[in-house]
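Novice: Here is my input; please provide its structure:
(one chain, ligands or ions: 2)
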Amino acid sequence: MVKVTVLGAAGGIGQPLSLMLKLNPYISDLALYDVVNVYGIGTDLSHIDTDTRVTYHLKSDAGDTGLVESLKGSDIVVIPAGVPRKPGMTRDDLFQINAGISADIASAISDTCPDAFVLVITNPVNSIVPVFAETFKKKGTFNPRKLFGVTTLDSVRSNSFIAELASHEADQAPTSYNIRVVGGHAGETIVPLYSVCAPHVYLLEPPEKMDELVHKVQYAGDLVVKAKNGGGSATLSMAYAGYKFLHAVLASSTTEQSIIESTYIYLDDSIPGAKETKALVKSISGGASLDYFAMPVVLSKDGVKEIKSDILTRINDKEKELLRISCRKLAGNIKTGLNFGQ
Ligand SMILES: NC(=O)C1=CN([C@@H]2O[C@H](COP(=O)(O)OP(=O)(O)OC[C@H]3O[C@@H](n4cnc5c(N)ncnc54)[C@H](O)[C@@H]3O)[C@@H](O)[C@H]2O)C=CC1
Ligand SMILES: O=C([O-])CC(=O)C(=O)O
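Specialist: Ligands and ions are numbered 1, 2, ... in the order given. Next comes the predicted model:
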């Protein structure tokens, strides 16, 4: 029996994500919440003849019983609630409005299902995850092992884009790649680690081709925003990525499997690999002290079991340079979230 709650379920990401969750036989209850249109989406989904029970909840009164009902007994809460970008905007431009929404949501989660896994999709992820953490800390419910910024789309894109460029047929399947991405989820904070992947990736020659590939991964969100021309940002690929990450959390929490996924987390000293990660980030970046960072982590039923810090000992000089740039930007993004949260 697993209950999943989607907050922002009527949106561009929320709808296809909810559809995929309705098809998952391991999810017994799916609760949909939004401030608009959720009755229609919920009614529609509830007609699908899979066993997952669907409930839907609209923002209600001042105490928002709709939100509370959607969260009651939830094991996993996934959050694509908030506003997306339009052309000409950065993710940071979304901060003020999305931080307010996120703080309210975090507070309701603390009060209603404090032990749930919390998967944050809302942008800017680099700053919004600290807003969640600070709200949980104030309420005394912060569990750093169970709060995740969803950065899976960066890995998904890294896999797709390298496959498109492969010259040998055998290397042209995106599913044959598993590229780890570290840092954050915005422009230069996104650092795909092509040099240390298993299975091994043959780096493109000349090196400028590799630079172009990395740039495409870092700015892939902008490509979608531009192509949608005012119609929002990535929704379908994000719904897929959100589902992929949620599935990993679900599988690792309901079985003994240890699954590794990259995700943006608080580097709490109690988590094996956190101190090592902070020390490596500090030495590579030339002194940055970052408490939040996207890293490959081992997932378990209790959340993050270990951070795979060793990956940072194997990266090449180019990736070290990318990491230095990432850390400078990330420090500011984290501060923005902390200032709001505190
Ligand atoms: N982490 C990532 O890799 C990605 C993150 N995103 C972010 O995901 C967020 C959602 O994007 P879309 O689904 O395209 O936007 P959307 O506007 O289509 O949907 C957002 C939904 O959130 C709802 N909402 C607004 N305030 C709410 C509240 N207080 N409580 C519950 N629901 C609320 C809206 O009514 C709407 O249905 C954006 O911030 C976007 O930037 C988008 C793509 C990738
Ligand atoms: O670019 C955006 O605003 C949405 C997003 O995070 C992405 O597509 O990576």
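
Novice: Mind telling me what element residue 333 is part of?
Specialist: Secondary structure from DSSP states H and E places residue 333 in helix 317-341.

Novice: near ligand 1 at all, that helix?
Specialist: No: using C-beta under 6 Å from any ligand atom, helix 317-341 stays clear of ligand 1, coming no nearer than 13.3 Å. C-beta coordinates here come from the backbone N, C-alpha and C atoms, glycine included.

Novice: go on, stretch 150-157?
Specialist: Yes: applying C-beta under 6 Å from any ligand atom, one finds stretch 150-157 touching ligand 1 at 150, 153.

Novice: Residue of this protein closest to ligand 2, please.
Specialist: Evaluated by C-beta to the nearest ligand atom, the chain has residue 221 as its residue closest to ligand 2, separated by 2.3 Å.

Novice: burial count for that residue?
Specialist: Residues near residue 221, counting by other C-beta atoms under 10 Å, number 25.

Novice: ok now do it, which residues does it touch?
Specialist: Residue 221 sits next to 85, 91, 186, 233-234 when contact means C-beta atoms under 8 Å, 6 or more residues apart in numbering.

Novice: one more time with 7 Å
Specialist: The neighbourhood of residue 221, defined by C-beta atoms under 7 Å, 6 or more residues apart in numbering, consists of 233-234.

Novice: likewise residue 303?
Specialist: The contact partners of residue 303, taken as C-beta under 7 Å, 6+ apart, are 117, 143, 145-146.

Novice: Would you reformat the residues you listed as JSON lines and include distance to residue 6, pLDDT and secondary structure?
Specialist: Listed next are these as JSON lines, based on distance: C-beta to C-beta, whole Å; pLDDT from 0 to 100; DSSP: H, G, I helix; E, B strand; the rest coil:
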{"residue": "117", "distance to residue 6": "13", "pLDDT": "98", "secondary structure": "strand"}
{"residue": "143", "distance to residue 6": "21", "pLDDT": "98", "secondary structure": "coil"}
{"residue": "145", "distance to residue 6": "22", "pLDDT": "98", "secondary structure": "coil"}
{"residue": "146", "distance to residue 6": "17", "pLDDT": "98", "secondary structure": "coil"}
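
Novice: Most neighbours among those residues, which one?
Specialist: The most crowded member of these, judged by other C-beta under 10 Å, is residue 117 (25 neighbours).

Novice: What's the separation between that one and ligand 1?
Specialist: According to C-beta to the nearest ligand atom, to the nearest Å, residue 117 and ligand 1 sit 16 Å apart.

Novice: partners of that residue in the sheet?
Specialist: In this entry, residue 117 is beta-bridged to residue 76, by DSSP bridges.

Novice: now what about the helix holding residue 333, what contacts it?
Specialist: 95, 99, 124, 126-131, 134-135, 183-184, 186, 188-189, 191, 193, 195, 214, 281, 284-286, 288, 290-292.

Novice: Now do that helix: distance to the chain's middle.
Specialist: 16 Å (C-alpha atoms, centre = their mean, to the nearest Å).

Novice: What are the buried residues along it?
Specialist: Across helix 317-341, burial judged by 16 or more other C-beta atoms under 10 Å covers 319, 322-324, 326-327, 329-331, 333-334, 336-338, 340-341.

Novice: so residue 298 makes contact with residue 305?
Specialist: Yes: between residue 298 and residue 305 there is a contact at 4.5 Å, judged by C-beta atoms under 7 Å.

Novice: How about the backbone phi and psi for residue 57?
Specialist: Per-residue torsions, residue 57: phi -140, psi 130 (degrees, to the nearest 10).

Novice: Might one say that it is in contact with residue 64?
Specialist: No: using C-beta under 7 Å, residue 57 makes no contact with residue 64, being 9.1 Å away.

Novice: Neighbour count: those two, which is higher?
Specialist: The neighbour count for residue 57 versus residue 64, taken as other C-beta under 10 Å, is higher for residue 57 (24 against 18).

Novice: Who is the more buried one paired with across the strands?
Specialist: Beta-bridge partners for residue 57, by DSSP bridges, are residue 33.

Novice: State the distance from it to residue 90.
Specialist: For residue 57, the distance to residue 90 equals 32 Å [C-beta to C-beta, to the nearest Å].

Novice: Residues of this protein that sit close to ligand 2?
Specialist: With C-beta under 6 Å from any ligand atom as the criterion, the chain meets ligand 2 at residues 84-85, 91, 123, 153, 221, 224-225, 233-234.
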